[in-house]
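> no letters, just coordinates:
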Ligand code: GRF
């Protein structure tokens, strides 16, 4: 069995897409073994618990700034890595997980962490993306890329699934889709259109990775 740990911070509709695909036998034999959130109120934790899937809340403790904050953050990452490692995942999926993970975390799961990003990212790690229509648009990185696409008045944005490397919002691309920005779009309508593609793509990527691992 190809075991997945899914890290979330919110609603978990992408997690639900993985559950649904698993139920329909459409996930290449992969199964979600663990769901973890940095937020106790993340609805995705309820989705996991309702199915009897292990769910953990690993909160970041409040700490003052400076070295104390850095130490608290490092201790949190270690706790998170311990929880995830205990479930021996073949793949760690960041599905709306709104924290940046350091190389210290990533070294526990080499080449086994993938991320969903609700914008187009370039394959070369650069600052621009060329769309299929030949349009050059800024590569949007960070936690606010859906409103950023509206702010920049981009005619097209998209979503990317990529392997996670120490460089934030970078790393080899596994799947990508362009999504039009329509007149009258607000953040909610645009994000929901993007998420429709994200849910389809995360299922496809997990299925392909599970299948590739079976062939090794
Ligand atoms: C997705 O758009 C993901 O790319 C972003 O957060 C959203 C998660 O949505 N980082 P959900 O919690 O799976 O509904």
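All right, it came through fine. Small disclaimer: the values here were computed from a predicted structure and weren't measured.
> who touches residue 145 in this structure?
Neighbouring residues of residue 145 by Cβ atoms under 8 Å, 6 or more residues apart in numbering: 117, 118, 119, 157. For the C-beta atoms, the positions are set from N, CA and C on the backbone; glycine is no exception.
> report pLDDT for it.
According to the prediction, residue 145 has pLDDT 98.
> need phi/psi at it.
Note on residue 145: its backbone torsions stand at phi -70, psi -20 [degrees, to the nearest 10].
> and the gap between it and the ligand?
Using Cβ to the nearest ligand atom, to the nearest Å, residue 145 is found at 9 Å from the ligand.
> how near is that residue to residue 36?
23 Å (Cβ to Cβ, to the nearest Å).
> got it, and residue 179?
In this structure, residue 179 and residue 36 are 28 Å apart, going by Cβ to Cβ.
> got it, and residue 28?
Residue 28 is 22 Å from residue 36, by Cβ to Cβ.
> more neighbours, those two?
residue 36 (24 against 19; other Cβ atoms under 10 Å).
> backbone torsions only: list them for that one.
Here is the backbone geometry of residue 36 (degrees, to the nearest 10): phi -130, psi 140.
> that one against residue 80, yeah?
Yes. Applying Cβ atoms under 8 Å, one finds residue 36 in contact with residue 80, separated by 6.8 Å.
> got the contact list for the residue in the chain positioned nearest to the ligand?
For the chain, the residue closest to the ligand is residue 96, as judged by Cβ to the nearest ligand atom, at 2.6 Å. By Cβ under 8 Å, 6+ apart, the contact set of residue 96 is 8, 9, 10, 11, 12, 14, 44, 116.
> tell me if the helix ranked longest in the chain is near the ligand.
Longest helix in the chain, counting residues (DSSP state H): helix 187-215. Yes. With Cβ under 6 Å from any ligand atom as the criterion, the ligand is reached by helix 187-215 at 194, 195, 198.
> shaky segments in the protein?
Within the chain, the stretches with pLDDT under 70 are 215-216.
> need the strands for it, in chain order.
Along the chain, the segments classed as strands by DSSP state E run 2-8, 30-37, 54-57, 91-94, 113-117, 128-130, 136-138, 156-163, 173-180.
> including distance to the ligand, could those strands go into JSON lines?
Listed next are the strands of the chain as JSON lines, based on distance: least, Cβ to the nearest ligand atom, whole Å:
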{"stretch": "strand 2-8", "distance to the ligand": "6"}
{"stretch": "strand 30-37", "distance to the ligand": "10"}
{"stretch": "strand 54-57", "distance to the ligand": "14"}
{"stretch": "strand 91-94", "distance to the ligand": "8"}
{"stretch": "strand 113-117", "distance to the ligand": "4"}
{"stretch": "strand 128-130", "distance to the ligand": "16"}
{"stretch": "strand 136-138", "distance to the ligand": "18"}
{"stretch": "strand 156-163", "distance to the ligand": "6"}
{"stretch": "strand 173-180", "distance to the ligand": "11"}
